[in-house]
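Chemist: Need a 3D model of the sequence below.
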Amino acid sequence: MSATEPSTPESPNPETPNGEAAVVEPQTADATATAPASPAAESAVAQEAVQGTDVPPAAEPVDADAPASDADASGSDASGADDAAAAESPAETPGVAESATDDEPSRPAAPAPAPPRVPGPPRVPAPPRVPMPRKAAAPVAPAPVVPPVASDAAEWGRVAEDGTVEVREGDTWRPVGQYPDGTPDEALAYFARKYDDLALKLGTLETRAKAGGTSAADLTKQANHLLTEVTDAAAVGDLAGLRARIESLVASLSEATEKEAAAAKEALDAAIAERTAIVEKAEEIAGRDLAKVQWKQVTAEMAQLFDDWQAHQQNGPRLPKGVAQQLWKRFRHARSTVDKARRAFFSELDETHKAARDAKTRLVERAEALAPRGVDGIPAYRDLLDEWKAAGRAGRKADDALWARFKAAGDALYAARAEQAAAEEADSAPKIEAREALLEEAKAVADEPNLKRARALLTRIQRQWDEIGRIFPREKERALDDRLRTIEQALKAREDVDWKKNNPETKARANDMSAQLLEAIEKLEAELAAAEKAGDAKAVKDATEALAARRAWLSALGG
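Modeler: Purely as a prediction, here's the structure:
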């Protein structure tokens, strides 16, 4: 049924096939539409199709705001779906297979020869067909029952003789639509249900506002939208009271909205401060002397800052676009600075490692080439070891691998020396015994009182000592040499003492000194006697001290 402008008394009231009245509401700026048939009408049409009887479809009053193309669209959708289903089902061609690709389709295979027919068992006759009872016709659905008109609808609305329904707003009556083909009770009940729908929406908003947990701004937005719907609504009821309740709800939500806005602003300021702290930390890292940092630690710090940025971006409040872009540019610049320095550092480190790796590889090759020389190659290997220490690091893995080869080459040389030392030690056993015998013989040097015979004995022993030759290991040779050296030093000490006593020059100097001292003593004794005679106490004292000193010197010289 269609919604039209308010009818005049002269215009006839259209009737539906089932005798119900049509609803006509005032036409507004919105597009009018034809409402789809009700479920009762659809049921009647379905019964007509099954029974083959003529049952007119039932009509129901609907809102004027329903879209005009619903019924047509539903019909066209159904027919379009059937056409699409028919178009999508592929045609079947016996004996031809379709190709799944764009290539040329393959040739159909020749039919295989049929096998020879084998006679089967005799056919059993089918049982006689029993006629099924005819299905009884379904009863026709009864017409919908119109609910009684509420008392408040009769208080706030009225129906004119031409079917125009009006609602009272204050002292004035405003037309809300027409229901020309129904009773006044049906007309009021229809528009009262619209008022109940608006009241239900308002009650839901009031319940959500009291329960809490919903944004006051969202509730305010929904309440303002509902206020727009209530204003000049095509409904019968206390619309002024409904508007007053909505305005009271909006007023009660205004304070909560302000608190939410203040809390949102505070949270936004805190989020900007937190995001700024992340940026400043990244800039502080980028401002360091990146040539002297520990890159493992710096990389971990930057990765943690980036994770903090992403977590704050996902879980924190949404920042204004300008602020977010500015902070991101600063953070990205700091990360780029650190990343460039890190790449430059590791690029240079790779070059250094490559140079050290090449140098150490050459050292390893030279060390391995010393293997045929055996013990004679050890001095050259030691020189290579000094060059190895000066070559620098080539990376842990490369260093470990190259050092294993270099050490293996050195171990081969030192193993050859160990074999040689073992052989020499075996050859030195008789020599050690011979030197032990000479040491026993050398003990007689200390017991010999004649220094010349003692020196001759030691000289003979030293000559035999040298004729024995080198002894291995060297530690054993040094121990034997130290024992012989002790005997030699003891004899030399005795010779020094004897030389001091029997040196002619020493004796001549001592005699000359003794004569001088005797002459000085005689002179001092004369001076002492003269001083005592003269009674000069100071001269006596000086002469006495000088005389005592000269006599002590003479006693030391053996005079």
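
Chemist: contacts and neighbour counts: CA atoms only from here.
Modeler: Will do.

Chemist: where exactly do the helices run in the protein?
Modeler: With helices called from DSSP state H, the chain shows them at 39-51, 70-88, 151-156, 184-211, 216-230, 239-286, 295-315, 321-369, 378-390, 396-447, 451-468, 474-502, 504-534, 537-556.

Chemist: Give me the contact list for the shortest one.
Modeler: In this case it means helix 151-156. For helix 151-156, contacts defined as CA atoms under 8 Å, 6 or more residues apart in numbering pick out Val167, Arg168, Glu169, Leu188, Ala189, Ala192, Val236, Gly237, Asp238.

Chemist: could you dump those residues to CSV with distance to Ser514, pLDDT and neighbour count?
Modeler: What follows is these, written out as CSV (distance: CA to CA, whole Å; pLDDT from 0 to 100; neighbours: other CA atoms under 10 Å):
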residue, distance to Ser514, pLDDT, neighbour count
Val167, 164, 89, 28
Arg168, 164, 88, 18
Glu169, 161, 85, 17
Leu188, 166, 87, 26
Ala189, 165, 89, 22
Ala192, 161, 89, 25
Val236, 161, 88, 31
Gly237, 159, 88, 25
Asp238, 157, 87, 21
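
Chemist: now these in CSV, with distance to Gly469?
Modeler: Shown next, in CSV, are those (distance: CA to CA, whole Å):
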residue, distance to Gly469
Val167, 141
Arg168, 142
Glu169, 140
Leu188, 141
Ala189, 139
Ala192, 136
Val236, 137
Gly237, 136
Asp238, 135
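
Chemist: And the helices of the chain: which comes nearest Gly177?
Modeler: helix 184-211 (8.6 Å; CA to CA).

Chemist: re the thing from before, would you list the helices of the chain in a markdown table and tack on distance to Asp162?
Modeler: Converted to a markdown table, the helices of the chain look like this (distance: least, CA to CA, whole Å):
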| stretch | distance to Asp162 |
| --- | --- |
| helix 39-51 | 26 |
| helix 70-88 | 28 |
| helix 151-156 | 17 |
| helix 184-211 | 10 |
| helix 216-230 | 25 |
| helix 239-286 | 24 |
| helix 295-315 | 63 |
| helix 321-369 | 60 |
| helix 378-390 | 114 |
| helix 396-447 | 102 |
| helix 451-468 | 153 |
| helix 474-502 | 139 |
| helix 504-534 | 170 |
| helix 537-556 | 169 |
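
Chemist: Phe331: how many residues sit nearby?
Modeler: If you count neighbours by other CA atoms under 10 Å, Phe331 ends up with 24.

Chemist: again, but for Ala515
Modeler: For Ala515, the count of nearby residues is 13 (other CA under 10 Å).

Chemist: how near is Ala398 to Lys492?
Modeler: According to CA to CA, to the nearest Å, Ala398 and Lys492 sit 62 Å apart.

Chemist: the more surrounded of these two?
Modeler: Ala398 (17 against 13).

Chemist: The more buried one - nearest residue in space that isn't next to it in sequence?
Modeler: Arg357 (6.9 Å; CA to CA, 6 or more residues apart in numbering).

Chemist: who touches that neighbour in this structure?
Modeler: Counting by CA under 8 Å, 6+ apart, Arg357 makes contact with Arg393, Ala394, Ala398, Asp399.

Chemist: Could you identify which of those has the most neighbours?
Modeler: Ala394 (22 neighbours).

Chemist: That one against Ala356, yeah?
Modeler: Yes - using CA atoms under 8 Å, Ala394 is in contact with Ala356, at 5.1 Å.

Chemist: Could you verify my assumption that Lys443 touches Ile487?
Modeler: Yes - here Lys443 reaches Ile487: they are 7.5 Å apart, a contact under CA under 8 Å.

Chemist: Settle it for me: which of the two has more neighbours?
Modeler: For the pair Lys443 and Ile487, the greater number of neighbours falls to Ile487 (17 against 13), based on other CA under 10 Å.

Chemist: Check that one and give its pLDDT.
Modeler: Looking at Ile487, its pLDDT reads 91.

Chemist: what bits of the stretch 101-250 of the chain have low per-residue confidence?
Modeler: Along the stretch 101-250 of the chain, the parts satisfying pLDDT under 70 run over 101-151.

Chemist: Now with 50, please.
Modeler: Residue ranges of the stretch 101-250 of the chain with pLDDT under 50: 101-116, 118-122, 124-125, 130, 133, 135-151.

Chemist: cool, and the chain?
Modeler: Short version for the chain, where the test is pLDDT under 50: 1-116, 118-122, 124-125, 130, 133, 135-151.

Chemist: Would you check that my belief about Gly316 contacting Ile272 is correct?
Modeler: No - contact criterion CA under 8 Å: Gly316 and Ile272 do not qualify, at 9.8 Å.

Chemist: More neighbours: the two, which one.
Modeler: Ile272 (20 against 17).

Chemist: Find the nearest non-adjacent residue to that one, please.
Modeler: Leu319 (7.2 Å).

Chemist: what about the one you found, how many neighbours?
Modeler: Neighbour count of Leu319, defined by other CA under 10 Å: 15.

Chemist: Also Lys329?
Modeler: By the criterion of other CA under 10 Å, Lys329 has 13 neighbours.

Chemist: Could you check how far it is from Ala286?
Modeler: From Lys329 across to Ala286, the span is 14 Å (CA to CA).

Chemist: What of Thr214?
Modeler: Computed as CA to CA, the Thr214 to Ala286 distance reads 44 Å.

Chemist: more crowded one of those two?
Modeler: More crowded of Thr214 and Ala286, by other CA under 10 Å: Ala286, with 21 against 11.

Chemist: so the more buried one sits right up against Arg332, yeah?
Modeler: No - taking CA under 8 Å as the definition, Ala286 is not a contact partner of Arg332, at 10.9 Å.

Chemist: quick one: buried residues of stretch 455-468?
Modeler: Arg455, Leu457, Leu458, Ile461, Gln462, Trp465 (16 or more other CA atoms under 10 Å).

Chemist: Check stretch 287-298 too.
Modeler: Under 16+ other CA under 10 Å, the buried positions of stretch 287-298 are Leu290, Trp295, Val298.

Chemist: Show me what it is in contact with.
Modeler: Ile285, Val338, Ala341, Arg342, Phe345.

Chemist: For the third one, the count of nearby residues, please.
Modeler: Going back to what we said before, that points to Ala341. As a burial measure, Ala341 scores 17 neighbours (other CA under 10 Å).

Chemist: if I look at the nearest residue to it once chain neighbours are set aside, how far off is Lys259?
Modeler: Distances taken as CA to CA, 6+ apart put Leu290 closest to Ala341, at 6.6 Å, once the chain neighbours are dropped. Using CA to CA, we find Leu290 at a distance of 47 Å from Lys259.
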